[in-house]
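Visitor: Have a look; sequence and predicted model below, questions after that.
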There are 2 protein chains.
Amino acid sequence: MADLVYRKILADLKQRIQNDEFPTQKLPDERSLMVEYDVSRSTVKRALNIMANQGIIFKKRGSGTFINPLYQKNQTIFQYEGSNLGVTDSFKSDGKIPSIKLLEFRVIPANEELQTELFLNPGDFVYEIKRLRSFDDQPFMIELGYIPIKVAPGLSVETVEGSIFNFLEGSTGKTVTKSFMTIAAAPSTPEDQELLNLKPVEPVGIMEGIFFLDDGTPFEVSNMRLHYKYLNYNTFVNLDENG
Amino acid sequence: MADLVYRKILADLKQRIQNDEFPTQKLPDERSLMVEYDVSRSTVKRALNIMANQGIIFKKRGSGTFINPLYQKNQTIFQYEGSNLGVTDSFKSDGKIPSIKLLEFRVIPANEELQTELFLNPGDFVYEIKRLRSFDDQPFMIELGYIPIKVAPGLSVETVEGSIFNFLEGSTGKTVTKSFMTIAAAPSTPEDQELLNLKPVEPVGIMEGIFFLDDGTPFEVSNMRLHYKYLNYNTFVNLDENG
DNA sequence: AAGTGGTCTAGACCACTAC
DNA sequence: TAGTGGTCTAGACCACTTA
């Protein structure tokens, strides 16, 4: 994976931007990069397009390729994940120790909504997994997840007390790299308040996600209720659609 | 723009998926599409890659290209924008009439944070624009925006009572297609409660965005406080990074 | 007019999956 | 073994910006 040519160019250019090797904020033109890296122009463009889609650079026809000043000058602003895949990993822990408390774990028939979202048939069963996640004994998230039995037949209590994605990757080699997320906010319920140590006036952030396996199978529907101080979702939005 | 070959293939394939022309959930292989559309394989791949990045299809090496069942079968789930560009346009109005009330409009020197985010120098000035947006007299968002004078010198009271992005596009031809967004939630302040008709226990959703011009110039910093029922942010997240 | 990014081609070879 | 998507090449021509 890391020996792919366009990946190496991508990584190298990112590093060079960090090192401030382009003080004019302008990258060399594509034909120069082609010579410098001894690759075709297509390969240069591939690396540059990925950086453009990530908001690292802006390309302007007729004039050149320019660094997004915010990417280089202010990493504190421009730190983003745009994702919640592998929750234990993607929430910033700041050195705090993450833990999981299993609140509920059972098998139920999929209701109509779950059938739609997980592409199941009537009569199919799903695990219902309710977990409370904490950092250093400070609970920050109630997670209610539904996983079809047929895509993860081996789930046990021990498994769901850790990272389900890691278990899946270890046992089947499949990874979860795609999801469809919805983000909202709501007043906290009494249960939220009790589990997350919230005052009645303090709200929760809600993240709902459908997670997909690499082959497109919907793998999990997850409803996450977060202590509002922990909802901080960053994305770079690009409406250009130049894939 | 719309006469680009890869765009036509993209539009055509999307339409054919909607029309259920691929009942097996599998698209023709790339070499067949190449012949069918009479283009090179690269062009086929370009269209397919965009669809994959949008979550419409999944590609699996060795086996083929498959439709995301949720895209085809459930458009109500899979409607997303992943964006807040052009707020008046992108918030769903459901036939309700959008309106803007100008609460504040003045010119101030950019503070340190704004200097960083808008890439300004000490002494540069910005417009401060505070607006209340409503649908059918139901206020849903307080918007506090900062725009450098030098990137939009012609702003007037009349202008900021409408769509600033539309004004910009009309007067300079520049469009805003990229932004960096942060989404959070918080208890409502007394001002929120008054302006948005919220009860003290009801929260606000917060969207902060830095919007960029096509050439990479940061154009606006916007802090949006939304009635919590109106925060509903959808994105398709793809960690593959195969841009 | 020169320079730069965008689109597209025709084809080679590789990696993975299914049978 | 055959089929499929992934990577990469070498080059042509176009569209836009700058001078």
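Guide: Done, it's in.
Visitor: Please make it C-alpha for all contacts and neighbour counts, starting now.
Guide: OK.
Visitor: pLDDT score for A:Gln79?
Guide: Here the pLDDT value assigned to A:Gln79 is 68.
Visitor: before we move on, what about A:Ser134?
Guide: So A:Ser134 comes in at 91 (pLDDT).
Visitor: And the one 10 residues further on, by the same measure?
Guide: pLDDT, the model's per-residue confidence, is 97 for A:Leu144.
Visitor: Then A:Leu33?
Guide: For A:Leu33, the predicted pLDDT is 97.
Visitor: Pull the contacting residues for it.
Guide: Residues near A:Leu33 by Cα atoms under 8 Å, 6 or more residues apart in numbering or on different chains: A:Val44.
Visitor: and it, helix, strand or coil?
Guide: Taken by DSSP: H, G, I helix; E, B strand; the rest coil, the conformation at A:Leu33 corresponds to helix.
Visitor: So it versus A:Leu13, what's the distance?
Guide: 10 Å (Cα to Cα, to the nearest Å).
Visitor: How about A:Val176?
Guide: 27 Å.
Visitor: neighbour-wise, which of these two wins?
Guide: Neighbour comparison, A:Val176 and A:Leu13: the larger count goes to A:Val176, with 24 against 17 (by other Cα atoms under 10 Å in any protein chain shown).
Visitor: Ignoring the adjacent residues along the chain, who's closest to the more buried one?
Guide: With sequence-adjacent residues excluded and distances taken as Cα to Cα, 6 or more residues apart in numbering or on different chains, A:Val176 is closest to A:Leu213, at 5.0 Å.
Visitor: what's the burial count for the one you found?
Guide: 18.
Visitor: Please identify the helix or strand for A:Ile50.
Guide: helix A:41-53 (DSSP states H and E).
Visitor: For that helix, buried residues please.
Guide: Residues of helix A:41-53 classed as buried: A:43-53 (neighbour count, 16 or more other Cα atoms under 10 Å in any protein chain shown).
Visitor: again, but for stretch A:177-197
Guide: A:177-188, A:192-193, A:195-196.
Visitor: again, but for stretch A:232-243
Guide: So for stretch A:232-243, counting by 16+ other Cα under 10 Å, buried means A:232-238, A:243.
Visitor: CA atoms only: put it into CSV for me.
Guide: In CSV, the C-alpha atoms belonging to stretch A:232-243 read as follows (Å, rounded to 0.1, in the frame of the first residue of the first chain):
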residue,chain,number,x,y,z
ASN,A,232,-16.9,18.2,17.7
TYR,A,233,-17.2,17.1,14.2
ASN,A,234,-14.8,18.6,11.6
THR,A,235,-15.0,18.2,7.8
PHE,A,236,-13.6,19.8,4.7
VAL,A,237,-16.5,20.2,2.3
ASN,A,238,-15.8,20.3,-1.4
LEU,A,239,-18.7,20.9,-3.8
ASP,A,240,-16.5,20.6,-6.9
GLU,A,241,-17.1,16.9,-7.3
ASN,A,242,-14.0,16.3,-9.4
GLY,A,243,-13.4,13.0,-7.6
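Visitor: average pLDDT for it?
Guide: Here the average pLDDT along stretch A:232-243 is 78.
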